[in-house]
Structure formats: structure tokens, C-alpha cells
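Visitor: take this sequence and fold it.
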Amino acid sequence: MTRRLRERSTATGALLAISLALVLAACVTVVGSCATSTAPPVTNRGGPTSGGVPDDSVFAQAFAARATDLAVEGRGTVYRLLPDDNDGSRHQRFLLELASGHTLLVAHNIDVAPRVESLDVGDTIAFKGVYEWNEQGGVIHWTHHDPAGLHESGWIQHEGRTYR
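Guide: Prediction:
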């Protein structure tokens, strides 16, 4: 009889422990989902406004929030071509000015994607990539496909061609 009582007691204790763990997990989930952030929300797409001018407010928000790893799309005008970065993976680099006046460095991996051909100061490009904050306005990278297929693909569009 004492053996049966001990087995029943152990089973009851195990069920109680599992139930308690499930209740705690539910509480953490509910509390976590109700938590509020003091930072303003950052949306990820610059889209056209009613006047046809791109809405670049996402980049101002990302810069103010010091955002990193933010998937973005946008459009801008090349205002400076920079030498390629050949340290590690090679990157074609250039500076963009958005319609809002915000500036970005684009670092396009040319070991993974083709170089943007005939790019020149004054050209307009569209892009999809990842924004990383820096003091100068931010960097856009991941403007290419992911050979491993683990990361969302980005791109650059220039003169009717898409570079992935």
C-alpha cells in the first residue's frame, strides 16, 4: 500500500509541476505581449505619398531609433561613388540622397550579386535591403540574394535592370 501511495504521490507531483510550468509560460506570454515600448514604431517601407514623392520617413525614424537589422525598401539619387571595399567580401559602395534629404551608404556585395553597371552620380536607384544605423545616416546592405537561402533577398534596380 505504501508503494502504491508513493507512486500516486509522485505522479500527482509531476502533473502539478507540469501544470505550474504551463501556467507560468502562459503568464509570461500574456505579460510579454502586453508590454509597451517607449520607442516610436518603425515601419519598413518608404512608399509614395499622394504627391508622388516617396515617403522616406521610415529612414528618419530608423535613424532616430538607432535601428539595426531593419528590412527596408526605398529610392534615392546617387550623389557620390566610393571606391569598392575589398576587405573580406567585396562591396560596391555609393552614397544616396533620399527625397527627404536623408543620406545613406549603400554597400552592395559584388561577390554575391553583379555590380550595378554604369552607375553614375545623379542616377536614381530603387533598393530593398537591410538598414543598419550609423552616425552618418545609416548603411543599406543585403541588397542581394542569400546563397544559403536563410535571409530574405534584397535587390537594387537601376535603369530597368534588377541586381540580386
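
Visitor: in which helix or strand does Phe63 reside?
Guide: For Phe63, the host element (DSSP states H and E) is helix 57-64.

Visitor: output the contacting helices and strands for that helix.
Guide: Helix 57-64 is packed against strand 70-85, with contacts defined by 3 or more CB pairs under 8 Å, 6 or more residues apart in numbering; DSSP states H and E. In short, each C-beta sits where N, CA and C put it, glycine included.

Visitor: 10 Å instead, please
Guide: strand 70-85, strand 103-109, strand 124-132 (3 or more CB pairs under 10 Å, 6 or more residues apart in numbering; DSSP states H and E).

Visitor: list the buried residues in stretch 152-164.
Guide: Using 16 or more other CB atoms under 10 Å as the test for burial, stretch 152-164 gives 154-156, 158, 163.

Visitor: make that stretch 58-74, sorry
Guide: The neighbour-count check on stretch 58-74 (16+ other CB under 10 Å) flags 58-59, 61-63, 67, 70, 72-74 as buried.

Visitor: check the residues you listed and tell me the two furthest apart.
Guide: Using CB to CB, the two most remote members of the buried residues of stretch 58-74 are Phe63 and Glu73, lying 16.3 Å apart.

Visitor: what about Val112, neighbour count?
Guide: Applying other CB atoms under 10 Å, we find 16 residues neighbouring Val112.

Visitor: need the contact list for it.
Guide: Val112 is in contact with 89-91, 142-147, 164, counting by CB atoms under 10 Å, 6 or more residues apart in numbering.

Visitor: show me what Thr162 is bridged to.
Guide: On the basis of DSSP bridges, Thr162 is bridged to Gln157.

Visitor: pull out the buried positions in stretch 142-149.
Guide: Neighbour-count burial for stretch 142-149 flags 142-145 (criterion: 16+ other CB under 10 Å).

Visitor: what lies in contact with that stretch?
Guide: Outside of stretch 142-149, the residues within contact range by CB under 10 Å, 6+ apart are 69, 71-72, 91-92, 106-114, 116, 125, 127-132, 151-156, 163-164.

Visitor: mean neighbour count, the helices and strands packed on helix 57-64: which tops it?
Guide: Counting by mean count of other CB atoms under 10 Å, strand 103-109 has the highest mean neighbour count of these, with a mean of 22.
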